[in-house]
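Asker: Need a 3D model of the following:
(one chain, ligands or ions: 1)
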Amino acid sequence: MSTRNRAWIAATAIALATSGAEAEGPGLGVPLAPGEIPRFASVVLPDGAGLPPGRGTAREGASIYAAKCARCHGVTGTEGPIQPPVAPARQYAKPAGRHWPHATTLFDYTKRAMPFDAPKSLSDDEAYAVVAWILYRNGLVAEDEIVDAKSLPRVEMPNRSNTIDLYERQGEKPY
Ligand code: HEC
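Answerer: Numbers count the residues shown, from 1 in each chain. I've put the predicted structure just below:
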């Protein structure tokens, strides 16, 4: 290695070491403004911790589902083409509405990741309502039952008893 190259590497190393926090990461992305953080940091745990204020019913959720979910998951929630959340259906034996052990996770995932092409675009009320619709279509809540932070953790999911809580079994919980 030439002296010039060595000097260049040393200078670069000093520049990296002194340019602060930004130099520690891969230099990708855009820093979030403090006001944006809650939108990205929302996490709902199985017991319902982290559920936001707001509410919705299946009756309200029907039109939201039709407008924002049906084209991928099917008009009735059973036909897909992608992982229909209602039933079990012929093409999908493990729909989220009946297979997932916690209704709270349905909210967490929907709010965080759906619609697939516009994630985090649902308001809290819209997310509660569309989750209520999925639960209603799976026979787990009534059409006008209010789904909110209080009632959602109490929904008894049919597959709950077929799953185990690994953290509980290990004697430690991260939450
Ligand atoms: C553009 C297509 C599209 C739209 C619109 C869409 N989804 Fe999805 N959805 C997907 C895809 C793709 C997956 C699978 C993602 C993965 O596995 O990473 C998925 C997965 C899901 C799952 C988990 C399914 C399972 O069995 O694990 C749920 C629940 C869900 N979506 C609900 C919704 C709701 C509610 C809406 C409307 C607010 C919605 N989706 C809108 C494409 C879509």
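Asker: Could you identify the helix or strand that succeeds the helix or strand of the chain with the lowest mean pLDDT?
Answerer: The weakest-scoring helix or strand in the chain, judged by mean pLDDT, DSSP states H and E, is helix 3-18 (a mean of 45). Under the assignment DSSP states H and E, the closest C-terminal helix or strand after helix 3-18 is helix 37-41.
Asker: Show me the contact partners of that next one.
Answerer: With contact meaning CB atoms under 8 Å, 6 or more residues apart in numbering, helix 37-41 is reached by 32, 120. Backbone N, C-alpha and C define where each C-beta goes, glycine included.
Asker: Show me how far the next helix or strand after it is from its chain's centre.
Answerer: Following helix 37-41 in sequence order, the next helix or strand is strand 55-56 (DSSP H and E). On the basis of CA atoms, centre = their mean, to the nearest Å, strand 55-56 sits 17 Å off its chain's mean C-alpha point.
Asker: Where does the closest residue to residue 162 other than its chain neighbours sit, in terms of helix or strand?
Answerer: Leaving out its chain neighbours, the residue that sits closest to residue 162 by CB to CB, 6 or more residues apart in numbering is residue 101, at 7.7 Å. Of the helices and strands defined by DSSP H and E, none includes residue 101.
Asker: do the same with residue 133
Answerer: Using DSSP H and E, residue 133 sits in helix 124-137.
Asker: same for that helix, what does it pack against?
Answerer: On a contact count with 3 or more CB pairs under 8 Å, 6 or more residues apart in numbering; DSSP states H and E, helix 124-137 meets strand 55-56, helix 58-68, helix 96-99, helix 103-113, strand 147-148.
Asker: Next secondary structure after the last one?
Answerer: Pointing back at strand 147-148 there. helix 166-170.
Asker: then that following helix to PDB, C-alphas only?
Answerer: Extracted in PDB, the C-alpha atoms of helix 166-170 (Å, rounded to 0.1, in the frame of the first residue of the first chain):
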ATOM      1  CA  LEU A 166     -42.800 -20.000  25.200                       C
ATOM      2  CA  TYR A 167     -41.700 -17.100  27.500                       C
ATOM      3  CA  GLU A 168     -44.000 -18.300  30.300                       C
ATOM      4  CA  ARG A 169     -42.600 -21.800  29.900                       C
ATOM      5  CA  GLN A 170     -39.000 -20.500  30.100                       C
END
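Asker: mean confidence score for that helix?
Answerer: Helix 166-170 comes out with an average pLDDT of 83.
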